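Colleague: got a sequence here, can you model it:
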Amino acid sequence: MTTHTAPPGLKGLVVARTSTGDVRGTEGFYHFREYSALDLARHRSFEDVAHLMIEGHLPDPAESAAFAAELAAAATLPHELLEVLLAVARSGRDRDALARLRTAVSLLGSIEGFGPTYGADRAAVRAEVLRLVATVPVLQAALHRLRRGEAPLPPRPELGAAGSWLWMLSGQEPAPEHAAAVGAYLVSTIDHGFSASTFSVRVTTSSGADVASAVCAAIGTFSGPLHGGAPDRALDALDEIGSPDRARGWVRERVGAGERIMGFGHAVYRTTDPRAVLLREWAERLGGPLAELAVQVEREVTQALAELKPGRELHTNVEYYAGVVMEQCGIPREMFTPTFAVARVVGWGAHVLEQTQDPRIIRPAAQYVGPEAPQPLP
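Modeller: Predicted coordinates for the structure are as follows:
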């Protein structure tokens, strides 16, 4: 048997072909289909970019209206699920929102009988993908409000995806600039190459499992602090630093203790994360003391890391300014990472649809490094 070794963490190893998009880490650039992701975030709506990812092209006005209407119609939760959401909402800690979402998505798939993707036609898989794209924000907002003792609110499609999300969380009409900032954030995080959660969704789909199972696998992977679970931790770190003059000493203490500096460094980028560039623009546009502090601390931390870890390219990543912008827009801190998931479910769904076109199961090998076998039983 031929043995092939892979780099740790499969870093840089090509394991699939995709037309959903790509990340060019040395250039500080990424794209969705054939378009710059930042151009899309600055100029197109979340619904239009979701259409691009699911259908493969940007919609014309008629297609855009039809797609938005389809999502709105798919956003209603079944009464069987509503009956148990309160119990789900009361479980775990405040920052376990993704665990609660994972449970709710699994229940939805079971209640509605999501079937195996293996052998299913594209229309059936697409319908289930859109069902989750439409319901994930509704589920998350409902769970959040129920946990706080408040009644869930229905979505308001006329506000757009970001405005509706802010409305469902707070019950207040969002300021236009807040809806625009969160909308840009949502678009920018719809997909991002072959991230760990995307790989999870592809592996699960390759087995022929149903869409809800694949998305649950992705949510579980996404919940880890080294993946999607970092925006709130990055803002916690900014709170700890407090003022720019404390930043370098704070970094030296953390690096000396072997801790990771949340909000800095990326597995792929060797430049500033382009999503951080976009969100820094929004943070400064929204203004206020938090934005000023973030920009000043970013400068100090980046310089300190360059001194402490020479040769390492540790620049600002998306989590740092994502936390700042969401705080400015009134999103509760425990809902930072769930907001990320509102967007990323679109990318996961696009990868589900793409993976169903390849009937082969993803089944890599592992290199055995244990005691020599066989040994006599004791």
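Colleague: contacts, neighbours, all on C-alpha from now
Modeller: OK.
Colleague: low-confidence ranges, the stretch 201-350 of the chain, go.
Modeller: Within the stretch 201-350 of the chain, the stretches with pLDDT under 70 are 229-231.
Colleague: show me which helix runs longest in this protein.
Modeller: With secondary structure taken from DSSP state H, the chain has its longest helix at helix 122-147.
Colleague: ok, and for that one, which residues are buried?
Modeller: For helix 122-147, a neighbour-count test (16 or more other CA atoms under 10 Å) marks 125-126, 128-147 as buried.
Colleague: so which elements touch that helix?
Modeller: On a contact count with 3 or more CA pairs under 8 Å, 6 or more residues apart in numbering; DSSP states H and E, helix 122-147 meets helix 61-73, helix 79-89, helix 97-111, helix 160-170, helix 211-222, helix 336-355.
Colleague: let's have those in TSV, adding mean neighbour count and distance to residue 300.
Modeller: Output for the helices and strands packed on helix 122-147, formatted as TSV (neighbours: other CA atoms under 10 Å; distance: least, CA to CA, whole Å):
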stretch	mean neighbour count	distance to residue 300
helix 61-73	15	43
helix 79-89	15	40
helix 97-111	20	32
helix 160-170	23	32
helix 211-222	24	29
helix 336-355	25	24
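Colleague: of all the ones you listed, which one comes closest to residue 310?
Modeller: Ranking the helices and strands packed on helix 122-147 by proximity to residue 310 (CA to CA) places helix 211-222 first, at 29.8 Å.
Colleague: from residue 314, how far off is residue 268?
Modeller: Residue 268 is 11 Å from residue 314, where distance means CA to CA, to the nearest Å.
Colleague: looking at the two now, which is surrounded by more residues?
Modeller: A side-by-side neighbour count of residue 268 and residue 314, using other CA atoms under 10 Å, places residue 314 first with 24 against 16.
Colleague: the more buried one contacts residue 266, doesn't it?
Modeller: Yes - here residue 314 reaches residue 266: they are 7.2 Å apart, a contact under CA atoms under 8 Å.
Colleague: what is in contact with these two at once?
Modeller: Common contact partners of residue 314 and residue 266 (CA atoms under 8 Å, 6 or more residues apart in numbering): none.
Colleague: show me which residues of the helix or strand encompassing residue 249 are buried.
Modeller: Using DSSP states H and E, residue 249 sits within helix 247-256. By 16+ other CA under 10 Å, the buried positions in helix 247-256 come out as 247, 248, 250, 251, 252.
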